[in-house]
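Visitor: Using only what follows, build the 3D model:
(one chain, ligands or ions: 1)
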Amino acid sequence: MMRQAGRYLPEYREIRAKHAFLEVCKTPQLAAEVSIQPFRRLGVDAVIVFSDILIAAEAMGLRLELGDAGPNLPNPVRSKLDVDRLKVFDPEEETAFLPEAIRRIVKSVGPEVPVLGFAGAPWTLGCYMVEGKAKEGFATVKSFLYHEPKIFRTLLHRIAQATIPYLKAQIAAGAAAVQLFDTWCGELNLPDYEEFALPAVQEIIAGLGGLVPVIYYTKASQHLLSAVARSGANVLSVDWRVDLADIRTTLGPKIALQGNVDPAVLLAPPERIRDVTLATINSLAGHGHILNLGHGILQNTPVENAQFFIETGQRALIQHARPAAQVR
Ligand code: CP3
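Guide: Sure, this is the predicted structure:
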């Protein structure tokens with residue numbers, strides 16, 4: 001599940017009552033512990049390392065605050081000078097806690113359970129770096145893009161260059177796959193996505209050289225999917241606004257799909273959770289599909305509903321692995 005380690009889990013809230021969010025991210029023992037919590041309690045099939053996409057922004061030289069009001073970068077990137085000052089950092093120096101957390105998780109869950117590393121996609125990370133926080137419409141970052149396209153491209157290129165070693169360090173530490181989160185790509189129209197966001201994603205994926213599978217998450221991206229498919233990612237992770245079977249028809253069987261149950265469905269009664277989960281699985285008949293939520297799990301999700309979603313999915317996918325087709 002997206003954001004499977006988080007505030008809907010009482011054991012996570014217990015740790016967060018004693019430690020600030022960034023402290024948890026930067027303390028390998030705590031980061032590993034909260035990463036493993038959903039595996040322990042829910043039996044999810046993979047463990048994503050606990051961190052945040054903004055950790056890389058901080059390592060590139062920006063101040064980062066992550067309080068209850070969400071992320072804030074008080075010194076945003078607004079000029080060529082600001083872009084030039086951004087560092088391509090050494091991940092084993094500046095973010096040593098992250099590969100160390102991955103090593104601890106791998107050691108704890110064993111070789112059968114894939115551990116996922118991740119980073120923000122350049123456009124989405126760039127939105128935070130320029131805006132300072134996530135705002136409706138993204139006027140500041142779009143104005144930057146239109147007025148200074150060359151400098152903006154340099155910013156995305158710089159983020160891509162920093163992200164390649166950042167992900168490679170996570171892979172070296174034991175990540176079996178990596179995810180790129182492009183939560184805000186849907187804000188762009190297709191030509192702008194193709195001109196700015198996509199090349200920087202392609203740069204990262206090419207730079208990883210096929211070391212491990214890459215999962216590319218895009219939100220509200222229906223109008224971009226033909227371009228998203230050219231990213232080079234092995235798996236496209238999508239939200240609930242799109243129909244998985246339609247995407248499969250359009251993009252063909254060579255690209256796996258991840259998703260796309262609406263996280264709000266986990267607030268529904270069990271019958272609805274079961275129906276939506278099985279419909280999602282049946283839409284691809286279990287082929288080339290990683291069952292997941294379409295965005296992060298909601299904070300007020302009852303743990304037993306998350307548990308029911310996981311169990312329903314695991315039971316159905318085991319049946320699909322056998323010759324019989326439809327699952328009820
Ligand atoms: O999936 C996981 O379990 C791993 C951890 C993870 C977090 N953030 C932890 C987190 C991952 C993969 C992310 C990615 C991330 N962070 C994205 C891309 C995916 C998405 O959800 O759209 C984005 C846009 C961010 C930036 C960010 N970090 C926001 C907007 C917020 C505030 C949201 C909120 O729910 O408060 C954060 C903070 C954050 N990152 C929390 C968690 C568990 C909540 C912090 C807390 O414990 O108080």
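Visitor: List the contacts of the residue in the stretch 201-328 of the chain that the ligand sits nearest to.
Guide: Of all residues in the stretch 201-328 of the chain, Gly296 sits closest to the ligand, at 4.1 Å by CB to the nearest ligand atom. Where you see a C-beta, it was placed from the backbone N, CA and C, and this is true even at glycine. Gly296 is in contact with 2-3, 6, 263, counting by CB atoms under 8 Å, 6 or more residues apart in numbering.
Visitor: now do Gly117
Guide: Applying CB under 8 Å, 6+ apart, the residues near Gly117 are 49, 98, 102, 167, 170-171, 173, 175, 177-179.
Visitor: Give me the secondary structure label for the closest residue to Asn189 other than its chain neighbours.
Guide: Of all residues not flanking Asn189 in the chain, His223 sits nearest, at 7.4 Å (CB to CB, 6 or more residues apart in numbering). Here His223 is recorded as helix under DSSP: H, G, I helix; E, B strand; the rest coil.
Visitor: which bits of the stretch 1-150 of the chain sit near the ligand?
Guide: Taking CB under 6 Å from any ligand atom as the criterion, the stretch 1-150 of the chain approaches the ligand at residues 2-7, 16, 21, 48, 50-54, 66, 70-71, 118, 134.
Visitor: Repeat the analysis, applying 5 Å as the threshold.
Guide: For the stretch 1-150 of the chain, the residues in contact with the ligand (CB under 5 Å from any ligand atom) are 3-6, 21, 48, 52-53, 70-71.
Visitor: cool, and the stretch 151-300 of the chain?
Guide: 181, 183, 296.
Visitor: Quick one: the residues you listed as JSON lines, columns for pLDDT too.
Guide: Below are those laid out as JSON lines (pLDDT from 0 to 100):
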{"residue": "Phe181", "pLDDT": "98"}
{"residue": "Thr183", "pLDDT": "97"}
{"residue": "Gly296", "pLDDT": "98"}
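Visitor: Let me know the pLDDT of the closest residue to Glu94 other than its chain neighbours.
Guide: Excluding the flanking residues, the one nearest Glu94 by CB to CB, 6+ apart is Ala59, at 4.2 Å. The model reports Ala59 with a pLDDT of 98.
Visitor: burial measure for the closest residue in space to Gly232 that isn't next to it in sequence, as a count.
Guide: The shortest distance from Gly232 to any non-neighbouring residue, by CB to CB, 6+ apart, is to Ile205 (3.8 Å). Counted with other CB atoms under 10 Å, the neighbours of Ile205 add up to 20.
Visitor: and Ile205, what pLDDT?
Guide: 98.
Visitor: Just to check, it is in contact with Arg230?
Guide: No: using CB atoms under 8 Å, Ile205 is not in contact with Arg230, being 10.3 Å away.
Visitor: do you know how far Phe152 is from Leu145?
Guide: 5 Å (CB to CB, to the nearest Å).
Visitor: Which of the helices or strands spans Ile318?
Guide: Element membership of Ile318 [criterion: DSSP states H and E] is helix 303-321.
Visitor: near the ligand, anything from that helix?
Guide: No: if you take CB under 5 Å from any ligand atom as the test, helix 303-321 misses the ligand, and the best it gets is 12.0 Å.
Visitor: all helices for the stretch 51-200 of the chain, in order.
Guide: 54-59, 80-85, 91-94, 97-109, 122-131, 139-147, 149-172, 190-192, 198-208 (DSSP state H, counting those that start in this stretch).
Visitor: picking up where we left off before, export the contacts of Gly296 to CSV and append columns for neighbour count and secondary structure.
Guide: Listed next are the contacts of Gly296 as CSV, based on neighbours: other CB atoms under 10 Å; DSSP: H, G, I helix; E, B strand; the rest coil:
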residue, neighbour count, secondary structure
Met2, 20, coil
Arg3, 17, coil
Gly6, 20, coil
Pro263, 21, helix
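Visitor: which two from the residues you listed end up farthest apart in space?
Guide: Gly6 and Pro263 (11.1 Å; CB to CB).
Visitor: so Ala197 makes contact with Ala121?
Guide: Yes: here Ala197 reaches Ala121: they are 7.1 Å apart, a contact under CB under 8 Å.
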